[in-house]
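[1] Turn this into a structure:
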Amino acid sequence: MKRLGRGTLEVVLKKQLLLWLACSAVIGLSGLARAQSSLHAPDPLLFPKDEFTLETKVIKTSHGEKKVTYRLYQHIPYVSKPVDNEYESLDVKVPLTIDGVSANANHAPVLFVVGVGGYMSASNYKQRGPGGPGVPGGPGTPGGSNSREAFAGPSGPGGPPPDFAPGAHGTAGGPGAIQDLALAAGYVIVVPGARGRDNKSADGTYYGKAPAAIVDLKAAVRYIRHNKGILPGNMDWIVSSGCSAGGGLSALLGASGNSPLYEPYLKEIGAAEENDNIFASGCGSPVTDLEHADMSYEWAFGASQPRSGSVDPKISAALKAAFPAYEASLDLEGKGGFGPITVDDLDAYLVKEYFGPSATRNLLSLPEDKRNAYLEKNPWLKWDGKAAQFRYLEFAAQHITRMKLAPAFDSLDLRSPETNLFGSRTTNSRHFTDFGLQQSTGSSNAKIDPELEQVVHLMNAMYFTGMKNPDAARHWWIRHGGIETDSAPTNTVNLAMSLEKMGRDVNAAIFWDAGHCQDLDPEGFIKWIADITGFDG
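    Numbering: from 1, shown residues only. So this is what the prediction gives:
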């Protein structure tokens, strides 16, 4: 081998060094280009602030009509990997002027409307029209004696109350009353769609069973928080609102804020990596605590006559007998120094804090002749001229017609909405309580699958108040119809007590002689939002 001279060797080495440096520079520039390309890749969850239509609406309030001009954004995907974009999208309304005066939308509360009824899917895509979407979804089921949504008006059980709007959390003022009143108050409105128990793929699999609905709603909250500063509204003042199943989901959204238990589901659909806790939760007639709802239903309505069909007395008695142990396990205390709550105290507490004051307000509002006629028609109700006196269970037995048979939620024929909710990808309906499974199979040792049990927990606000979730909403507005039997009032009152035990601000009340989702004070809810946020427009 020929040996190179020292000078020649130095030249060769310099050439190799220069070649290496050149290659490194090319590789480095390429890597930098890729990094810059990645940094400048479009954000799939960026709010399209310039894609809107201008709308004008005249809204009736107790203070007169208000003319609101607002920006309407429609069908905005809120996840990057949607299972079904038709449902996993949202609409936004941003007020610009109210009666010609500019609205301060950048700092306004954000009303997050949970438009779900019957735990069905809610699509804001199919129902779009002038002025934005109608109420997404709505009650509806495959059928069956326990599967239909029924409602009771102020005159007693019967058809739907006037101006009923499922999911709108505001019925007294007509469909969408809460949305309209919030818009007139200068709030930003967000209406997300969500998957539901009825969603079915072309291949026959189901993709909206629990916990899909709450996962989607959490993803929608993360989306609007991800766009803080782009999407108008104060993201520290997100207030959810819903009724019926929507009320249950609104409660769940408020109670389960930032829980890591949902993280795998959220990652699967490409949700934004943001917090999903909310500031306040509005819950109208919340259908919740489903795994214990059969027991509380029989305690409350076991002596009430059914609208149709007959109640199996053995099943009713067995469920009622199981309720005291559950109520005691909650370790709740009544407010106002009432003390620990057991089943023995529950009747008195329901009347003292909820039904009694509601009945009293109703009687005081009536002219004397109508009040006397009402008292004559309802001999269980005593009146001393100042306050109503009665026992809750006597009131329920004589004044209320139950709409569901037993078990009310985990029905043995698997035709109730809730058994449909807890189906799987390949099974349309399943029992979700040990009692329902045992009664159906005839095996006293039958237990539901642990994986299903966890899913049931993920659909229950009480599960998260029980663990004292530190990121639960700080403020709560809870309402229940006095004569509704879609679920027992004990569920609503237990939710209120569990939140009070956590030190939360709870505004809970009963609407006397009101039916399911019949909101008699929609403007009260709007004012409450102003009070807890301090927003004055």
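[2] how about Gln179, secondary structure?
    Recorded secondary structure, Gln179: helix (DSSP: H, G, I helix; E, B strand; the rest coil).
[3] which non-adjacent residue is nearest Gly537?
    Nearest-residue entry for Gly537: Gly186, 4.3 Å, with adjacent residues in sequence omitted and distances by C-beta to C-beta, 6 or more residues apart in numbering. Every C-beta, even on glycine, is put in place using the N, C-alpha and C of the backbone.
[4] Now do the same contact list for that neighbour.
    95, 98, 103-105, 108, 535, 537 (C-beta atoms under 8 Å, 6 or more residues apart in numbering).
[5] now Met467: how far from Leu261?
    Met467 sits 10 Å away from Leu261, going by C-beta to C-beta, to the nearest Å.
[6] Hmm, I typed the wrong one, I wanted Val92.
    Distance of Val92 to Leu261, given as C-beta to C-beta: 28 Å.
[7] With Trp512 instead?
    Taking C-beta to C-beta as the measure, Trp512 falls 38 Å from Leu261.
[8] the more surrounded of these two?
    Trp512 (21 against 13; other C-beta atoms under 10 Å).
[9] So that one versus Cys243, what's the distance?
    Trp512 sits 17 Å away from Cys243, going by C-beta to C-beta.
[10] One more: Ser296?
    Distance check for Ser296 against Cys243: by C-beta to C-beta, it reads 19 Å.
[11] Neighbour count for the two, which is higher?
    Neighbour totals were compared for Ser296 and Cys243, and Cys243 leads with 34 against 27 (other C-beta under 10 Å).
[12] Run a quick neighbour tally on the nearest residue to the more buried one once chain neighbours are set aside.
    Using C-beta to C-beta, 6+ apart and skipping the chain neighbours, the partner closest in space to Cys243 is Gly284 (3.4 Å). For Gly284, the neighbour count with other C-beta under 10 Å is 31.
[13] residues touching Gly284, list them.
    With C-beta under 8 Å, 6+ apart, Gly284 has these contacts: 169, 241-244, 246-247, 479, 517, 519.
[14] For it, give the beta-bridge partners.
    Legend: beta-bridge partners of Gly284 under DSSP bridges are Cys243, Arg479.
[15] Now do it against Ser310, distance only.
    As judged by C-beta to C-beta, Gly284 and Ser310 stand 31 Å apart.
[16] repeat for Asp513
    Distance from Asp513 to Ser310, by C-beta to C-beta: 26 Å.
[17] same thing with Phe511?
    To Ser310, Phe511 is 30 Å away according to C-beta to C-beta.
[18] Give me the more crowded residue out of those two.
    Taking other C-beta under 10 Å, Phe511 and Ser310 do not tie; Phe511 has more neighbours (23 against 9).
[19] helix, strand or coil for the closest residue to that one other than its chain neighbours?
    Nearest non-adjacent residue to Phe511, counting by C-beta to C-beta, 6+ apart: Leu520, 4.7 Å away. For Leu520, the assignment made with three-state DSSP gives coil.
[20] Quick check, pLDDT for Leu520.
    In this prediction, Leu520 carries a pLDDT score of 95.
[21] Which phi and psi values does it adopt?
    Backbone torsions for Leu520, taken as degrees, to the nearest 10, come to phi -90, psi 0.
[22] ok, now Pro306?
    As for Pro306, its main-chain torsions (degrees, to the nearest 10) stand at phi -80, psi 150.
[23] oh, and call the first residue 33 from now on, that's how I've got it
    OK, 33 is where the count begins now, so the last one is Pro338.
[24] hang on, it packs against Ile432?
    No: contact between Pro338 and Ile432 fails when scored by C-beta atoms under 8 Å: they sit 10.7 Å apart.
[25] overlap in contacts of these two?
    Counting by C-beta under 8 Å, 6+ apart, nothing touches both Pro338 and Ile432.
[26] Looking at those two, which one has more neighbours?
    Using other C-beta under 10 Å as the criterion, Pro338 and Ile432 rank with Ile432 on top: 20 against 16.
[27] The residue nearest to that one when sequence neighbours are not counted and Asp212: what is the separation?
    Of all residues not flanking Ile432 in the chain, Ser336 sits nearest, at 4.9 Å (C-beta to C-beta, 6+ apart). Distance, Ser336 to Asp212, using C-beta to C-beta: 36 Å.
[28] So between these two, which is more surrounded?
    Asp212 (26 against 21).
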